[in-house]
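Visitor: generate a structure from the sequence data that follows.
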Amino acid sequence: MGSITIYQVKNMILYHGTTLSRGKEIIKDHCIKHDISRVYTNTGKLDCDTTNGYVYLTPNIETAYFYGNLNSLRSETKDDLKYVYIFKVEINEDKLLPDYDDLKIKKIKSKDVTWKESIAICKTVRVDEDVNVNKAEYLILPNTMNFKETKDNLNLVRELSKSEVQSLDANVVLKEILSKWSWQKL
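Guide: Presented below is the predicted three-dimensional model:
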């Protein structure tokens, strides 16, 4: 008799932040597509262009919010200035790749970086395929430019965004945010 090999698959919870319009598309399509038109292309600054063919992910809600909010600010759709979608997905670690775009911004040009090092350096990774969201959860937060929200709500999301930029501990802000807004299942 032959031996049986048991493979242990390690999954990781990661987040993806996006605009209101793209969030609605993700829910409609039940996937985060890796082949889409990008917000940051042909910027004239090659260091900040986003490579198509990847879904960009992070283990941090504040990083997902920061990028979703940032993309909203560059969107041509005014509705995108209202809310940011954050998707919580489970990804097999074997699929994770370094985020070379963000590493390039950090002035790291080596192609020998692992996905774990990518997370340590820039808090982001990517996968080169669509991400199924059938079992995912999502959170809808106000954009920092949403002036229809209360001042308290705007201050909270602005603190969340600020925690990403200034590398502050976001746990207190996240706790308060999650007491006001809750994860929704797809």
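Visitor: find the least confident helix or strand in this protein, judged by mean pLDDT.
Guide: Least confident helix or strand of the chain, by mean pLDDT, DSSP states H and E, is helix 100-105 with a mean of 86.
Visitor: can you give the distance of whatever helix or strand comes next after it from its chain's centre?
Guide: Using DSSP states H and E, the next helix or strand after helix 100-105 towards the C-terminus is helix 115-122. With CA atoms, centre = their mean, to the nearest Å as the basis, helix 115-122 stands 14 Å off its chain's centre.
Visitor: for stretch 74-91, same thing?
Guide: The mean C-alpha position of stretch 74-91 is separated from the chain mean by 9 Å, CA atoms, centre = their mean.
Visitor: what's the first-to-last distance across it?
Guide: Start-to-end span of stretch 74-91 (CA to CA, to the nearest Å) is 28 Å.
Visitor: mind listing what's buried in that stretch?
Guide: Neighbour counts over stretch 74-91 (16 or more other CB atoms under 10 Å) mark 75, 80-89, 91 as buried. Every C-beta, even on glycine, is put in place using the N, C-alpha and C of the backbone.
Visitor: going by distance to residue 186, which of those residues wins?
Guide: residue 87 (8.7 Å; CB to CB).
Visitor: that older thread, how about the buried residues of stretch 74-91 in a markdown table, adding secondary structure?
Guide: Shown next, in a markdown table, are the buried residues of stretch 74-91 (DSSP: H, G, I helix; E, B strand; the rest coil):
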| residue | secondary structure |
| --- | --- |
| 75 | coil |
| 80 | helix |
| 81 | helix |
| 82 | coil |
| 83 | strand |
| 84 | strand |
| 85 | strand |
| 86 | strand |
| 87 | strand |
| 88 | strand |
| 89 | strand |
| 91 | strand |
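Visitor: next, format these as CSV and append distance to residue 28.
Guide: Formatted as CSV, those follow (distance: CB to CB, whole Å):
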residue, distance to residue 28
75, 18
80, 16
81, 21
82, 18
83, 16
84, 17
85, 12
86, 17
87, 13
88, 18
89, 16
91, 21
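Visitor: from these, which two are the most distant?
Guide: 81 and 91 (29.1 Å).
Visitor: the protein: helices as residue ranges?
Guide: Assigned by DSSP state H, the chain shows helices spanning 20-29, 61-74, 100-105, 115-122, 151-165, 171-180.
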